[in-house]
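**Q** have a look at this fold, sequence not included:
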């Protein structure tokens, strides 16, 4: 079981007075200590109800965000991630921007060994957009290149 020191900084989980941000807010993200930093292992977080706004028309865009990462010392706390992703609800940006913003915020937050963020957006105007962004530390750069090549091959 985790002790109080390991849960320090976790303020949203278990809080019955949850505030839902109406604007993009990366400060909502919280982390906790990875108890297994000696191991490379994969964590996948799937948000099937992601919503943002088109920056030009203000129309809502709906999609799915899948985050897969290999943690190092810190991991993202899931309720804070939920609230952070919800904060995009009134955020006007293109799909590609949202995916890159999410990846960069998570890299800055937890400095993972590897992370990829995939957006699977519902079609608008008959076109589905599937942006993919990734980051790797030096030890996992070959993995990043392999995953990028695999994503490119999937689309050809």
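**A** Arrived safely, thanks for sending. As the structure is a prediction and not an experimental result, all values here were calculated from the model.
**Q** what ranges do the helices span in the protein?
**A** For the chain, applying DSSP state H gives helices covering 78-86, 95-110, 141-155.
**Q** now the last one: average pLDDT?
**A** Put plainly, it is helix 141-155. On average, the pLDDT along helix 141-155 is 94.
**Q** and that helix, which residues are buried?
**A** Of the residues in helix 141-155, those buried by neighbour count under the rule 16 or more other C-beta atoms under 10 Å are 143, 144, 147. Heads up, the C-betas are built off the backbone N, CA and C, glycines and all.
**Q** now, which of these sits nearest residue 109?
**A** residue 144 (18.4 Å; C-beta to C-beta).
**Q** just checking, the closest one touches residue 132?
**A** No. Assessed by C-beta atoms under 8 Å, residue 144 is found out of contact with residue 132, at 11.1 Å.
**Q** now do the shared contacts for those two.
**A** Residues touching both residue 144 and residue 132 by C-beta atoms under 8 Å, 6 or more residues apart in numbering: residue 116.
**Q** hmm, back to that, right, and the helices of the chain - which one's nearest residue 120?
**A** Among those, the nearest to residue 120 by C-beta to C-beta is helix 95-110 (9.5 Å).
**Q** and that closest one, what other elements does it pack with?
**A** strand 43-53, strand 60-70, strand 74-76, strand 114-121, strand 132-136 (3 or more C-beta pairs under 8 Å, 6 or more residues apart in numbering; DSSP states H and E).
**Q** point out the most buried one among these.
**A** strand 114-121 (a mean of 22; mean count of other C-beta atoms under 10 Å).
**Q** list the helices and strands that strand packs on?
**A** Applying 3+ C-beta pairs under 8 Å, 6+ apart, we find strand 114-121 packed against strand 60-70, helix 95-110, strand 132-136, helix 141-155.
**Q** with distance to residue 38 as added columns, please give these in CSV.
**A** Formatted as CSV, the helices and strands packed on strand 114-121 follow (distance: least, C-beta to C-beta, whole Å):
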stretch, distance to residue 38
strand 60-70, 12
helix 95-110, 17
strand 132-136, 19
helix 141-155, 18
